[in-house]
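> The following comprises the amino acid sequence and a computationally predicted model.
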Amino acid sequence: MGETVKHRIIGMVVILLFQILVCNNMHVFECATPIILPYLTMKFHRGTARESLLVWGFVMGFIFDIFSNTLGIGMAACTLLGMMQPVLLGLFSPNESVDMIVPSFKSMGFDRYIYYVFSTMLLFHLTFYFLEDFSLQHFRTMLSGAVIGTVISFLLVIVADALLPKDKNID
């Protein structure tokens, strides 16, 4: 097993533990729970095969669903994010960037990285909360949960990304 795969497995375990033990117990305004699962998918380099992203997203979402009792919603949202990650990364990457760029403040620049992280979190949370409600009957509640969850998750990911040592990052 390669060094990168080991780092990603360790990163997945750490993210899932933090999500299940800490974030799942945070209920902001009784309508939103921050979900930091997209962090691992966000950190895949630009040249990663889409199949690999889909498998990692599927597995991470599946494990999340088992421990969070969300009946496949996390798996669907993580798999969709795995499908869309190359598109989002391409939108916010510098045009002159190399194929193996790893998303970070250093490689993308502050503004582009902030937009990339926020877009990723917003896509994930909108998908998750829409599938959770699966109707437009409570549209405002669903939308407020997605927006509040996005903002809190975004802040958690930015703080974690800034605090993680660069050589131990999930890159």
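Yep, that arrived.
> mind listing what's buried in the worst-scoring helix or strand of the chain on mean pLDDT?
When the helices and strands of the chain are scored by mean pLDDT, DSSP states H and E, helix 105-108 comes last with a mean of 86. Judged by neighbour count using 16 or more other Cβ atoms under 10 Å, the buried positions of helix 105-108 are F105, S107, M108. Just so you know, the C-beta spots here come from the backbone N, C-alpha and C atoms, and that holds for glycine as well.
> Also stretch 48-55?
Buried-residue list, stretch 48-55, by 16+ other Cβ under 10 Å: T48, L53, L54.
> Also stretch 149-168?
G149, T150, V151, I152, S153, F154, L156, V157, I158, A160, D161.
> Distance to Y129, pLDDT and secondary structure for those - can I get that in CSV?
As requested, the buried residues of stretch 149-168 are exported to CSV (distance: Cβ to Cβ, whole Å; pLDDT from 0 to 100; DSSP: H, G, I helix; E, B strand; the rest coil):
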residue, distance to Y129, pLDDT, secondary structure
G149, 7, 93, helix
T150, 9, 95, helix
V151, 13, 95, helix
I152, 13, 94, helix
S153, 12, 94, helix
F154, 15, 96, helix
L156, 17, 93, helix
V157, 17, 93, helix
I158, 21, 93, helix
A160, 22, 87, helix
D161, 23, 87, helix
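> Name the nearest of these relative to I9.
Checking the buried residues of stretch 149-168 against I9 with Cβ to Cβ, the nearest one is A160 at 17.8 Å.
> Quickly note the distance from the closest one to M75.
Look at A160 and M75: by Cβ to Cβ, to the nearest Å, they are 23 Å apart.
> do E132 as well
The gap separating E132 from M75 is 13 Å, by Cβ to Cβ.
> Comparing these two, which residue is more hemmed in?
M75 (20 against 15; other Cβ atoms under 10 Å).
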